[in-house]
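Chemist: this is a predicted model, with the sequence first.
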Amino acid sequence: MKMTVGIALVGCGTVGGATALLLQEQRDSIRFRTGVDLDLRYIVDKNLTYARKLGLSESILTESLEKALSDSKVSVVIELVGGTGFAKTLILQAFAAGKHVVTANKALLAYHGPELFAAAKKAEVALAFEASCGGGIPIVRAFYDGLTANTIDAVYGIVNGTCNHILSEMIQKDSTYDEALKGAQAAGFAEADPSLDVNGGDSAHKIAIMGAMAFGSPIPLDTIPVKGIANLEAEDVLFGGEMGYVVKLIASAVRGKKGVFVRVEPAFIPMDHPLAWVSGSFNAISVYGSAVGHTMYYGRGAGGTPTASAVVSDIISLGLGTYPVQFKSMDFWNPDKKPLKLQEPGDIHRRYYLKLRVLDRPGNLGRITTVLGENAISVSSILQHEIPEATDGEVLENTPPEAGVIEPTVPIVITTHRVKESQLLSAIEDIEALEDVYPGTTVLPILEEHPEFRYLNT
Ligand code: HSE
């Protein structure tokens, strides 16, 4: 049986353009393989220059959203406008007109997921969002379909292609941060406002969505501690590399005894960890289920065609009628639900990398390790390189200018065994109170592999 789906695509940028082309190129093949005929009836945008440049048929280009929404043959509206303003209005208008909506808009879902779910359910339509997390990776389906037999213990991974591209270019090609960011923008990975990528905001949007799906309740965005990569120092990337680690921006939602630990932060990954070799615009997400153990989802997390792949798969599921049935049972963004109970941030136990900036004087290393010992923190390794001797009157590279001294500081890198974060931060305060230690210690977690089947054992 052939099912025809009339489609209005709103927002013809990188992903919108790739989606329109994919719908054209694959129409016959998809109809043959699935029985669903994807009829792209409108491409709506205020500025259609890019659509014309792609050679999309003039007959379907329009600036009028009303025209598209009032066409009874349109049953699915694709929102690829982005942002949380007009995108939200248009989705609510589409629901009110009885249309299903497909969106890639993680910011909108992270802020307004419960409200949008409620509006869709009230209008008896569905909101599909596979493209919102991990680009082309079918991670949303994993939660609502493939893994439904499991209680989820943890979801964590690399979910921002721009940051991963920047870090990979800096590590593998010695590029500067700015060069690497420009490359990500040119390749179409970065958000319209790339600060959302590099400050961790985009990853927070995605973990708010995936965490809610994994643990069954909303995670308000303002409860997620977020640190991006913009302040990472190249020196730390190098020191970490010497010690066998690679730095990645990690988004996590991990079940703990007193709540779920949710965070976005740069972290060191041991070279033999499965996330260590995920490079460039690729994303990888580990999900731990109570029955299945560790599963990992890998693919291109950004860019036009990978994201279009997820968008079109949602339209096919809507056409087949499978997704609307599943959507009815999705309850994690029920606005009547309490937000997810989160763990106190300082309660997390893990290993850490510290870089202290210290005057190069006798006894300082001993004084620092004594403070760590007094705080019951066990040192795993120490790295300190020789620095050039200062000559009279010379100000060396590592000398803090405000110090008004010619004496150089030396970076001392320490990795710890597992320690509670609040205990570590309090020890660092004590260390920075020492006479020869400067403030601004670099603290990065070291990510170990999550244990399998932990949920069953707690
Ligand atoms: N800007 C995002 C990224 C695109 O770099 O991963 C996909 O959400």
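Modeler: Yes, it's here. Numbering: from 1, shown residues only.

Chemist: residues contacting residue 70?
Modeler: Counting by CB atoms under 8 Å, 6 or more residues apart in numbering, residue 70 touches residue 97. Backbone N, C-alpha and C define where each C-beta goes, glycine included.

Chemist: does any bit of the helix or strand harbouring residue 250 sit next to the ligand?
Modeler: Per DSSP states H and E: residue 250 is located in strand 245-256. No - applying CB under 6 Å from any ligand atom, one finds strand 245-256 separated from the ligand by no less than 9.9 Å.

Chemist: mind checking pLDDT for the closest residue to the ligand within the stretch 351-458 of the chain?
Modeler: The nearest approach of the stretch 351-458 of the chain to the ligand comes at residue 447, 19.3 Å away (CB to the nearest ligand atom). Looking at residue 447, its pLDDT stands at 96.

Chemist: swap in the one 10 residues further on?
Modeler: Residue 457 is assigned a pLDDT of 50 by the prediction.

Chemist: if we can go back for a sec, the strand holding residue 250: partners in the sheet, and parallel or antiparallel?
Modeler: Strand 245-256 has these partner strands in its sheet, going by DSSP bridges: strand 152-158 (antiparallel), strand 259-270 (antiparallel).

Chemist: same question for that strand, mean pLDDT?
Modeler: On average, strand 245-256 scores 97.

Chemist: gap between it and the chain center?
Modeler: Chain-centre distance of strand 245-256: 10 Å, with CA atoms, centre = their mean, to the nearest Å.

Chemist: can I get it as CSV, trimmed to CA atoms?
Modeler: Extracted in CSV, the C-alpha atoms of strand 245-256 (Å, rounded to 0.1, in the frame of the first residue of the first chain):
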residue,chain,number,x,y,z
TYR,A,245,45.0,11.2,27.6
VAL,A,246,43.1,13.0,24.9
VAL,A,247,40.8,15.9,25.8
LYS,A,248,37.1,15.8,24.7
LEU,A,249,34.0,17.8,25.5
ILE,A,250,31.8,15.3,27.3
ALA,A,251,28.1,15.5,28.1
SER,A,252,26.9,13.1,30.8
ALA,A,253,23.8,11.9,32.6
VAL,A,254,24.7,9.1,35.0
ARG,A,255,22.6,7.5,37.7
GLY,A,256,24.0,7.8,41.2
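
Chemist: the ligand contacts on this structure?
Modeler: 135, 160-162, 189-191, 197, 202, 301-302.

Chemist: again, only this time at 8 Å
Modeler: 104, 106, 132-135, 159-165, 184, 189-191, 194, 196-197, 202, 206, 281, 283, 301-303, 307 (CB under 8 Å from any ligand atom).

Chemist: before we move on, the earlier item: I'd like the strands paired with strand 245-256 written out as TSV, with mean neighbour count added.
Modeler: As requested, the strands paired with strand 245-256 are exported to TSV (neighbours: other CB atoms under 10 Å):
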stretch	mean neighbour count
strand 152-158	26
strand 259-270	22
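
Chemist: before we move on, the earlier item: so which of the residues of the chain next to the ligand belong to strands?
Modeler: Mapping these onto strands (DSSP state E) picks out residue 283.

Chemist: checking residue 87 next. Helix, strand or coil?
Modeler: helix (DSSP: H, G, I helix; E, B strand; the rest coil).

Chemist: per-residue confidence at it?
Modeler: Note for residue 87: predicted pLDDT of 98.

Chemist: that one and residue 111, how far apart?
Modeler: According to CB to CB, to the nearest Å, residue 87 stands 11 Å off from residue 111.

Chemist: I'd like the distance between residue 79 and residue 93.
Modeler: Plainly put, residue 79 is 10 Å away from residue 93 if you go by CB to CB.

Chemist: just checking, the residue of the stretch 351-458 of the chain closest to the ligand touches residue 267?
Modeler: Yes - the pair residue 447 and residue 267 passes the contact test of CB atoms under 8 Å, sitting 4.6 Å apart.

Chemist: overlap of the contact sets of those two?
Modeler: Common contacts of residue 447 and residue 267 (CB under 8 Å, 6+ apart): residue 250.
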